[in-house]
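Participant: got a predicted model here, sequence first, then my questions.
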Amino acid sequence: MQANTYELKQILTPERRYIIPTFQRDYEWTQEGQWELLFEDLEAVVDRLENARDQAGVLGMSKTKAEKSVAPHFLGAIVCDQLPSPAGGLDLRAVIDGQQRLTTLQLLVRGVLDVLLENDSSRVKQVRRLLENPSDVIEEDFEKHKLWPRRKDREVWPIAMSDQTPTKGPHSYLKARAFFADKARTAVVGTDGSDRIDTVVDALVDLFKLVVIDLEENDDAQVIFEVLNGRQTPLSASDLVKNLLFLRGELADEKELDTIYDKYWAPFDDQWWKETIGSGHAARGRRDALLSSWLTAVSGAEANIGHLYGEVRTYLNQSARKTHEVLAELHSYGQAYRAVYGAADAWSPELKQMYDRLNLLRVTTAVPLLLWFRTLPAGRLSTAEQVAAVSAIESWVIRRMLVGANTRGYGKAFVEVLNVGRKSEQLAGVSIAEAITDALLSRPNGLSWPSDSEVETAFVQEKYYGSFTQERIRLILGAIDAQLRRENSKTEPATFDYDGLQIEHVMPQSWREHWPLDNLDEAERVLASQARDHSVHRLGNLTLVTPSFNGSVSNLGWVTKKCEFAKQSKLQLNGSIAAVDSWGELSIEARARQLAVVAVRVWPRPK
């Protein structure tokens, strides 16, 4: 990022065009809100400059030195993004923050120029250069304007900038020009009737200053905007990318951009897309999350959401894709995103269930891959094949969760798998689902797909309660119960909302009163107590119960609890518990092994 303070003449005199992206907000500054204050600031600078010059004359001092002592007026900041321009052509800058300020300054300059023309001033050429590029460096008439507004205002802007003074029309541009011209007519005449034209022009071009922030390739544009607009609504990455896409389309003279906007981008203006998801540092708008997933999928490289605008800009510069192509693709990814997050048809119950489980686990790094699947033509990846591919992803993720593997590196792992899938798409006769499965088996980014024995060992040895969230424990136990129900042809029909069930310790956490350790010496009792404290939190000792479960018996002995579990027989998880004569560490281990056998059928791993 290059941030420098410039005099107005340094910003507007060079042969350059400042372009306002089409879909920025309307021009909203008004006479009462900003115009009057701006001209009052100019008059204050004019007075300071005039006083300094008068005093220098009285004291016989150098006027040049006196002028340097005059405090300038700072107008704030604008943020510009360098745009590609042809060799030898005009320098192009997109104004992506500060369009209200820069537009108003142009209208102020135009109002002052009106007064200079009326007075046949020698300063006309200098001030005109702040508004127009010289005729010998332009190819199209519109290129003469230093500032070029969004598409909606391009018919009125040449009228607002022309030498033929327009009537005061309803458009804010025309009102602002007339206002500034009226104020300038008074300002160029001193209280004693003296001519102050030169002082007004000098104050405007030399003592009005702006901070210009020019973005570079790796700049974090979102942070810059949040700092500059801390009390306003900051521009998100998706806002910036939208402006960039349509600006590129305009510069390439692509047709029907308004129609393209309505068809492909307008749906993203729905409130659902504007909602924030995640929390803390991970909080972001859904549109930004989609943008990150789309960029990862189409570029084959993990997107950094903190630098999303810069990365999208780099991708677009390198890909040379048409605006309508990119927007149509984004629209398609948006539809896929809604399906993955439950806001649209998932195409099959199996896909919906797998999406819900992955969302519960917050595995956002897999989303680019899931979206890519849904954008492929059905002839290349059928719904059945997509189920197989997503099932492999779910199994890889959940098995790693079951064995306590860390999630660091998942982003790179899924990008690696995604790139394998993209290569397989180009090969006739190759199954994308099989390619995805093989890629997951091949330890992407060095991360393994746990085996059946590793899952069983974790079920037997690892502490689940207290280490896993309750929603994850419900996911595991609910999936196992549903699997047992499908496999048991004799089970009575029932539907369970597993998320609404309660997690119950078969042997209670407070086991010492009703589950004593008998016939042990003190040393043995200490060791056995420690082992039992670990066992009660293992998966073999955990189950799900309905709200009808009598909580008053939770901490009582086995004989009492066994009867209560018998009442919960509609849950397949509890039928085997009620059938046991006694419950202890060996029972917990045995049940853990039984649950593991079912779990690896729920989430199978190819041999």
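Facilitator: It's in.

Participant: quick one, strands of this protein?
Facilitator: In the chain, the strands defined using DSSP state E lie at 2-7, 16-19, 73-83, 91-97, 147-148, 208-215, 276-277, 284-285, 502-505, 542-545.

Participant: confidence score at Phe565?
Facilitator: Reading off the confidence values, Phe565 has pLDDT 86.

Participant: can you give me the helices for the stretch 1-150 of the chain?
Facilitator: 8-12, 36-59, 63-68, 99-118, 124-128 (DSSP state H, counting those that start in this stretch).

Participant: list the buried residues of the second one.
Facilitator: Spelled out, it's helix 36-59. Buried residues in helix 36-59, counted by 16 or more other C-beta atoms under 10 Å: Leu38, Phe39, Leu42, Glu43, Val45, Val46, Arg48, Leu49, Glu50, Ala52, Arg53, Ala56. For the C-beta atoms, the positions are set from N, CA and C on the backbone; glycine is no exception.

Participant: separation between the third one and Asp54?
Facilitator: Distance, Leu42 to Asp54, by C-beta to C-beta, to the nearest Å: 18 Å.

Participant: over to the fifth one?
Facilitator: Computed with C-beta to C-beta, the distance linking Val45 and Asp54 is 15 Å.

Participant: low-scoring stretches of the stretch 401-550 of the chain, by residue?
Facilitator: Within the stretch 401-550 of the chain, no stretch has pLDDT under 70.

Participant: now do the same contact list for Leu295.
Facilitator: Ala303, Leu308, Glu311, Val312, Tyr315 (C-beta atoms under 8 Å, 6 or more residues apart in numbering).

Participant: count of neighbours near the nearest residue to Gln106 once chain neighbours are set aside?
Facilitator: In this structure, Gln106 finds its nearest non-sequential neighbour in Leu147, 4.9 Å apart by C-beta to C-beta, 6 or more residues apart in numbering. For Leu147, the neighbour count with other C-beta atoms under 10 Å is 23.

Participant: likewise Asn519?
Facilitator: 7.

Participant: and the gap between Leu117 and Val124?
Facilitator: 6 Å.

Participant: can you tell me the closest non-neighbouring residue to Ser424?
Facilitator: Nearest to Ser424 is Ala435, by C-beta to C-beta, 6+ apart, at 3.6 Å.

Participant: dump the residue contacts of the one you found.
Facilitator: Ala435 sits in contact with Val420, Gly421, Lys423, Ser424, where contact means C-beta under 8 Å, 6+ apart.

Participant: okay but the second one is in contact with Ile432, surely?
Facilitator: Yes. Here Gly421 reaches Ile432: they are 5.6 Å apart, a contact under C-beta atoms under 8 Å.

Participant: more neighbours: which of those two?
Facilitator: Between Gly421 and Ile432, counting by other C-beta under 10 Å, Ile432 is the more crowded of the two (24 against 21).

Participant: so the more buried one makes contact with Glu385?
Facilitator: Yes. If you go by C-beta under 8 Å, Ile432 and Glu385 touch, sitting 6.6 Å apart.

Participant: which one of the helices of the stretch 1-150 of the chain lies nearest to Pro444?
Facilitator: Among those, helix 99-118 comes nearest to Pro444, with 44.9 Å by C-beta to C-beta.

Participant: care to break the chain down by domain?
Facilitator: Using automatic domain parsing, the domain parsing of the chain gives 2-215, 234-344, 372-450, 454-602.

Participant: please state the offset of the second one from the chain centre?
Facilitator: Averaged C-alpha coordinates place domain 234-344 at 9 Å from its chain's average position (C-alpha atoms, centre = their mean, to the nearest Å).

Participant: quick one: mean pLDDT for that domain?
Facilitator: 88.

Participant: now the spatially most central residue of the chain: closest residue in space that isn't a chain neighbour?
Facilitator: Central residue of the chain (C-alpha atoms, centre = their mean): Asp288, 2.0 Å from the mean position. Leaving aside its chain neighbours, Asp288 sits nearest to Ala237 (4.8 Å; criterion: C-beta to C-beta, 6+ apart).

Participant: circling back: and the contacts of Ala435, which two are the farthest apart?
Facilitator: Maximum pairwise distance among the contacts of Ala435 (C-beta to C-beta): 7.3 Å, between Gly421 and Lys423.

Participant: what's the distance between the residue lying closest to Arg374 once chain neighbours are set aside and Phe373?
Facilitator: Closest residue to Arg374 apart from its sequence neighbours, by C-beta to C-beta, 6+ apart: Ala336 at 3.7 Å. Ala336 is 8 Å from Phe373, where distance means C-beta to C-beta.

Participant: between Gly421 and Ile432, what contacts are shared?
Facilitator: Shared contacts of Gly421 and Ile432 (C-beta under 8 Å, 6+ apart): Ala389.

Participant: check contacts around Gln483.
Facilitator: Val598, Arg601, Val602.

Participant: distance of it from Arg400?
Facilitator: For Gln483, the distance to Arg400 - C-beta to C-beta - is 19 Å.

Participant: likewise Val189?
Facilitator: Taking C-beta to C-beta, one finds Val189 at 80 Å from Arg400.

Participant: count of residues packed around the nearest residue to Lys562 once chain neighbours are set aside?
Facilitator: Ranked by C-beta to C-beta, 6+ apart and with sequence neighbours excluded, the top spatial neighbour of Lys562 is Ala578, at 5.9 Å. Using other C-beta under 10 Å, Ala578 has 15 neighbouring residues.
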